[in-house]
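# Any chance you can model this:
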Amino acid sequence: MTKMYIYELPYDINKELCRLLDIEDYWKELAGNQMKYSPFDVNDIEQAARRQNTTPTEQLFTRWGQQNHTVQELFILLYKMRYVPALQCLVPLVSEDFHKLLKKIRSSGSIREKSTGAAQDKSNKKSTQKTDGSFSSIPLPVMLIEKGVQQPTTSRIQTSPNYESSTDISKSSSTASKGTNNDDDEIMKNVSAIPKMSYEDLKEATNGWSEDNLLGRGGFGQVFKGEWKHLPVAVKRLQRDDDGRNKELIREMCLNQYRHDNILPLYGYCLGGPEACLVYQLMAGGSLEQRLRGKTHHPPLTWSQRYSIAHGVARGLQFLHTMAGTPLIHGDIKPANILLDQCLMPKIGDFGLARKGPYGEDRTHLKVSRVYGTRPYLPDEYLRSHCLSPAVDVYSYGVVMVEMATALPAIDRQRKVQLLSAHMHVLHKIGTDPATLEDPVIRNTPLSDPRMCREFFAIGLHCTMYERRERPTMLQVYKQLDAMQIPANNFI
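Alright, predicted model coming up:
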């Protein structure tokens, strides 16, 4: 029997599974104990289901399905729960080997066969939310959400903000205008859905903004690590420039409505102190930039890990570019803005420069008055003609792909062709084998894989074509990566 993904579940079976798992909130046990979602995420799934008038299990399956999990994996998790009615739903979709597990449960006598009638009545009653702080296993942001208004959907694992610097191509500063009130209105419209935190708490969490806790400096301010309510956090303290602060806040807070496993979500915010702050969960894996430059104690990235990172970033970008309505363009894709969790799942961070893209099938690009971003990652049509389109992110992604393959810097003043985007096209033109450029830390080691290096380089070349119409879409890149054969000898 061929592998079936969760998003391919037949409608009737999916509907019955949702009914069974919604009973007595069995879905929470599945999500928390088996799928390893955090209490924050479980709460968020429930909130999203209420807003969208769907069941929590539907939300859970949608989110888990985005990870390309299979029906067979779900069967195993339900087997661990000993939930026979749900297992029976999946019997027609799995092989005989899985049927043996169901028989094993029945023969052992340890069957979870609840009275669905009584349980259904119970599940239909609204649960009383605790607001006295007595559920100590749930982080405070979750308690704040449960006390207040609903929170937009969040991704499974949350991460920290960008730890590296970001360059504003346009150095000219705009003057304050009548748009300030509109900025404030837009902020207030979006902050109601995000946990608010105390400035004094954040100051204490970072030991008074100690230099020892400084993770890095970005285009809008500094990033500090800290511990807030026993929760490791990264706090971005924004500069006091009101215009820049408002734009950063608006973009980050508006982004909260676009949630995805490979997109960095906000954890909380603070407007009550001398500087505005944005708060994220601390990231264990650092940034891709740090990993490629050997700035951490971690071992070199294997090719399978590099592939997983490339695949995840492509997945996040194609989501932004193809979402319903107007696509969102990140505008500053680079290794420093790709954050990694402890399992090296990538998250696209730092959306301070994100903008809405062209709307409608007949619109290919927008003309913008100012260019922001990091020069070595931006295409000519954006730098010179101010043409903004999803192809800008595609170009940036192509540069990142070559960096991941070769560890060459995006710009090198000592190189004859300083920009990596141009340098790789020159190398391709003269017939250089990309495998000879493989990251030196893994070249000529058991981790080396010349084939993967060539494939990454080829995708990078395609994405950085001079004419934007010749570049692939991120959906095409994602599908190409999906079809790629991954090395099995260096999974870690």
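
# Check whether Pro232 really touches Val279, as I assumed.
No - contact status for Pro232 versus Val279: not in contact, 11.1 Å apart, counting by CB atoms under 8 Å. C-beta coordinates here come from the backbone N, C-alpha and C atoms, glycine included.

# out of the two, which sits in the more crowded spot?
More crowded of Pro232 and Val279, by other CB atoms under 10 Å: Val279, with 27 against 14.

# secondary structure class for that one?
What DSSP: H, G, I helix; E, B strand; the rest coil gives for Val279 is strand.

# which residues touch it?
Residues near Val279 by CB atoms under 8 Å, 6 or more residues apart in numbering: 197, 202, 228, 233-236, 266-270.

# What is the nearest of the residues you listed to Tyr478?
Using CB to CB, Leu266 comes nearest to Tyr478 of the contacts of Val279, at 24.9 Å.

# quick one, strands of the stretch 251-400 of the chain?
268-270, 277-281, 328-329, 338-340, 346-348, 355-356, 366-367, 387-388 (DSSP state E, counting those that start in this stretch).

# and Trp209, how many neighbours?
16.

# Against Glu73, how distant is it?
Look at Trp209 and Glu73: by CB to CB, to the nearest Å, they are 44 Å apart.

# With Trp27 instead?
Trp27 sits at a distance of 16 Å from Glu73 (criterion: CB to CB).

# ditto for Met474
26 Å.

# So if I had to pick from these two, which one is more boxed in?
Shown here are Met474 and Glu73; by other CB under 10 Å, Met474 has more neighbours (25 against 17).

# State the pLDDT value of the more buried one.
Confidence at Met474, expressed as pLDDT, is 94.

# Tally up the residues packed near the residue lying closest to it once chain neighbours are set aside, please.
Nearest residue to Met474, sequence neighbours excluded (CB to CB, 6 or more residues apart in numbering): Gln318, at 3.9 Å. The tally of other residues near Gln318 (other CB under 10 Å) stands at 23.

# quick one, what contacts Gln318?
Contacts of Gln318 by CB under 8 Å, 6+ apart are 473-475, 477-478.

# ok, of those, which one's closest to His428?
Set against His428, the nearest of those by CB to CB is Val477 (17.8 Å).

# For the closest one, I want the exact helix or strand it lies within.
Val477 is located in helix 474-482, with elements delineated by DSSP states H and E.

# tell me which residues in that helix are buried?
By 16 or more other CB atoms under 10 Å, the buried positions in helix 474-482 come out as 474-475, 477-478, 481.

# about what we covered before: any chance of the contacts of Gln318 in CSV, with distance to Met35 too?
Written out in CSV, the entries for the contacts of Gln318 read as follows (distance: CB to CB, whole Å):
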residue, distance to Met35
Thr473, 31
Met474, 27
Leu475, 26
Val477, 28
Tyr478, 23
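
# ok, which pair from the residues you listed is furthest apart?
Most distant of those, by CB to CB, are Thr473 and Tyr478, 8.8 Å apart.

# what's whichever helix or strand Leu60 is part of in contact with?
Following DSSP H and E, one finds Leu60 within helix 56-65. Outside helix 56-65, the residues that touch it by CB under 8 Å, 6+ apart are 5-7, 9, 14, 17-18, 21-22, 25, 27-28, 30-31, 35, 45-46, 48-49, 52, 153, 155-156, 261.

# Stretch 26-37: which residues count as buried?
For stretch 26-37, by 16+ other CB under 10 Å, it's 26-31, 34-35, 37.

# about what we covered before: so which of the contacts of Val279 comes closest to Leu344?
For the contacts of Val279, the minimum distance to Leu344 (CB to CB) is 17.5 Å, reached by Ala234.

# From Pro409, how far off is that closest one?
Applying CB to CB to Ala234 and Pro409 gives a distance of 25 Å.

# more crowded one of those two?
Remark: of Ala234 and Pro409, Ala234 carries more neighbours, 26 against 17, as counted by other CB under 10 Å.

# Determine the angle, from 0 to 180 degrees, between whichever strand or helix holds that one and strand 277-281.
Element membership of Ala234, judged by DSSP H and E, is strand 231-238. Here strand 231-238 runs at an angle of 150 degrees relative to strand 277-281 (axes from the mean of the first three to the mean of the last three CA atoms, to 10 degrees).

# Show me which of the contacts of Val279 has the smallest pLDDT value.
Leu266 (75).

# Could you pull out the helices in the stretch 351-492 of the chain for me?
380-385, 390-406, 420-429, 450-463, 474-482 (DSSP state H, counting those that start in this stretch).

# Need those in TSV (columns: distance to Val371).
Listed next are the helices of the stretch 351-492 of the chain as TSV, based on distance: least, CB to CB, whole Å:
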stretch	distance to Val371
helix 380-385	6
helix 390-406	10
helix 420-429	16
helix 450-463	19
helix 474-482	21
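
# Pull the number of nearby residues for the residue lying closest to Val94 once chain neighbours are set aside.
In this structure, Val94 finds its nearest non-sequential neighbour in Phe75, 5.3 Å apart by CB to CB, 6+ apart. Phe75: 21 surrounding residues under other CB under 10 Å.

# Tell me who's in contact with Phe75.
Contacts for Phe75 (CB under 8 Å, 6+ apart) come out as 87, 90, 94, 98, 101.

# Filter those down to the ones in strands?
If you go by DSSP state E, the contacts of Phe75 have nothing in strands.

# Out of these, who's the most crowded?
Going by other CB under 10 Å, Leu87 tops these with 25 neighbours.

# Thought Leu77 was touching that residue, still the case?
No - counting by CB under 8 Å, Leu87 stays clear of Leu77, with 10.2 Å between them.

# what's the overlap in contacts for these two?
Shared contacts of Leu87 and Leu77, counting by CB under 8 Å, 6+ apart, come down to nothing at all.

# could I get stretch 301-321 in PDB with only the CA atoms?
As requested, the backbone C-alpha atoms of stretch 301-321 are provided in PDB (Å, rounded to 0.1, in the frame of the first residue of the first chain):
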ATOM      1  CA  LEU A 301      26.000  21.000   9.000                       C
ATOM      2  CA  THR A 302      25.500  17.800   7.100                       C
ATOM      3  CA  TRP A 303      24.100  17.800   3.600                       C
ATOM      4  CA  SER A 304      20.800  16.400   4.800                       C
ATOM      5  CA  GLN A 305      20.600  19.200   7.400                       C
ATOM      6  CA  ARG A 306      21.400  21.800   4.700                       C
ATOM      7  CA  TYR A 307      18.700  20.200   2.500                       C
ATOM      8  CA  SER A 308      16.200  20.300   5.400                       C
ATOM      9  CA  ILE A 309      16.900  24.000   6.000                       C
ATOM     10  CA  ALA A 310      16.700  24.900   2.300                       C
ATOM     11  CA  HIS A 311      13.400  22.900   2.000                       C
ATOM     12  CA  GLY A 312      11.900  24.600   5.100                       C
ATOM     13  CA  VAL A 313      12.800  28.100   3.900                       C
ATOM     14  CA  ALA A 314      11.400  27.400   0.500                       C
ATOM     15  CA  ARG A 315       8.200  26.100   2.100                       C
ATOM     16  CA  GLY A 316       7.800  29.300   4.200                       C
ATOM     17  CA  LEU A 317       8.400  31.600   1.200                       C
ATOM     18  CA  GLN A 318       6.100  29.800  -1.100                       C
ATOM     19  CA  PHE A 319       3.400  30.100   1.600                       C
ATOM     20  CA  LEU A 320       3.900  33.900   1.800                       C
ATOM     21  CA  HIS A 321       4.000  34.300  -2.000                       C
END
